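# could you look at this predicted model? Sequence included:
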Amino acid sequence: AQSVTQLGSHVSVSEGALVLLRCNYSSSVPPYLFWYVQYPNQGLQLLLKYTSAATLVKGINGFEAEFKKSETSFHLTKPSAHMSDAAEYFCAVIPGGGYQKVTFGTGTKLQVIP
Amino acid sequence: NAGVTQTPKFQVLKTGQSMTLQCAQDMNHNSMYWYRQDPGMGLRLIYYSASEGTTDKGEVPNGYNVSRLNKREFSLRLESAAPSQTSVYFCASSARAGGGNNEQFFGPGTRLTVL
């Protein structure tokens, strides 16, 4: 069975500092991986996705993530945090091989301190 | 192009009452999903429909039923609401189920309280 672990339910960074949100997955087959962002009182929207084309994936709003098979990780980073980045971030996995269901992590709330 | 729409936005029920949450998408997607979101638990899949005419259970289907009315619409029914079903419910759709192009588009959510 596949699973997703997000380390840290809350992360605080200063405006302009590096953002690092951690995601580790388990999957018996090569996975597809996603990061979604949820702003207050809204639904989720896609930030970026890994589909095996390239291990470093760039997304919207300056975010990127690197797929590391040896570490089973897909951490999300942004070089310089902006106040508008304050939101909840979810990592998600779909195993390959025709599997249909997405498994979401429990989410990490990012606070940006001015 | 409205994307994914959900009605109602808010609802308060008494224990034992029933209700149906409506969801529609205008992106011609094949697959649709219902999730619930609870603090500290992320999103949990209730039911999904990989294509029109099919539905399957997700992680937490007990107490819910679904209907894929047509390609656009996917409803979620609570037959006898319980306080444990207090949650925020999200509908989502994707071009197809599974695979790397399974980007899901989410509705704005329904905030349900069961007293």
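Yep, that arrived.

# contact partners for A:Ser27?
Taking C-beta atoms under 8 Å, 6 or more residues apart in numbering or on different chains, we find A:Ser27 in contact with A:2, A:93, A:95-96. For every residue, glycine as well, the C-beta is placed using N, CA and C.

# enumerate the residues of chain B near chain A.
B:4, B:31, B:33, B:35, B:40-45, B:48, B:50, B:56, B:58, B:90, B:92, B:97-109 (C-beta under 8 Å from any C-beta of the partner chain).

# just the buried residues of these.
B:4, B:31, B:33, B:35, B:42-45, B:48, B:50, B:58, B:90, B:92, B:97-100, B:102-109 (16 or more other C-beta atoms under 10 Å in any protein chain shown).

# excluding its backbone neighbours, what's nearest residue 13?
Picking chain A for this. Excluding its sequence neighbours, the residue lying closest to A:Val13 (C-beta to C-beta, 6 or more residues apart in numbering or on different chains) is A:Ala81, at 4.8 Å.

# chain B, not that one
Closest residue in space to B:Leu13, ignoring its immediate chain neighbours: B:Ala81 at 4.6 Å, by C-beta to C-beta, 6+ apart.

# quick check, that neighbour in contact with B:Ser18.
Yes. B:Ala81 lies in contact with B:Ser18 (C-beta atoms under 8 Å); the separation is 6.8 Å.

# mind listing what the most centrally placed residue in chain B touches?
Geometric centre of chain B, nearest residue: B:Trp34, 2.5 Å, by C-alpha atoms, centre = their mean. B:Trp34 makes contact with B:21, B:23, B:45-48, B:58, B:64, B:66, B:74, B:76, B:89-91, according to C-beta under 8 Å, 6+ apart.

# state the distance from it to B:Ser18.
Remark: distance between B:Trp34 and B:Ser18 (C-beta to C-beta, to the nearest Å) = 16 Å.

# what of B:Ala2?
To B:Ser18, B:Ala2 is 27 Å away according to C-beta to C-beta.

# for A:Phe63, same thing?
For A:Phe63, the distance to B:Ser18 equals 42 Å [C-beta to C-beta].

# higher neighbour count, the two?
Legend: neighbour count by other C-beta atoms under 10 Å in any protein chain shown for A:Phe63 and B:Ser18, higher for A:Phe63 (20 against 10).

# quick one: the more buried one and chain B, what's the gap?
The gap separating A:Phe63 from chain B is 15 Å, by C-beta to the nearest C-beta, to the nearest Å.

# need the phi and psi values for that residue.
Recorded main-chain torsions at A:Phe63 are phi -80, psi 150, according to degrees, to the nearest 10.

# how about the contacts made by the residue lying closest to B:Gln17 once chain neighbours are set aside?
Excluding its sequence neighbours, the residue lying closest to B:Gln17 (C-beta to C-beta, 6+ apart) is B:Ala81, at 5.3 Å. Going by C-beta under 8 Å, 6+ apart, B:Ala81 touches B:13-19, B:112, B:114.

# how about those, which pair is most distant?
B:Gly16 and B:Leu112 (14.3 Å; C-beta to C-beta).

# so for these two, which residue has more residues nearby?
Remark: of B:Gly16 and B:Leu112, B:Leu112 carries more neighbours, 20 against 10, as counted by other C-beta under 10 Å.

# count of residues packed around B:Thr54?
B:Thr54, neighbours per other C-beta under 10 Å, totals 12.
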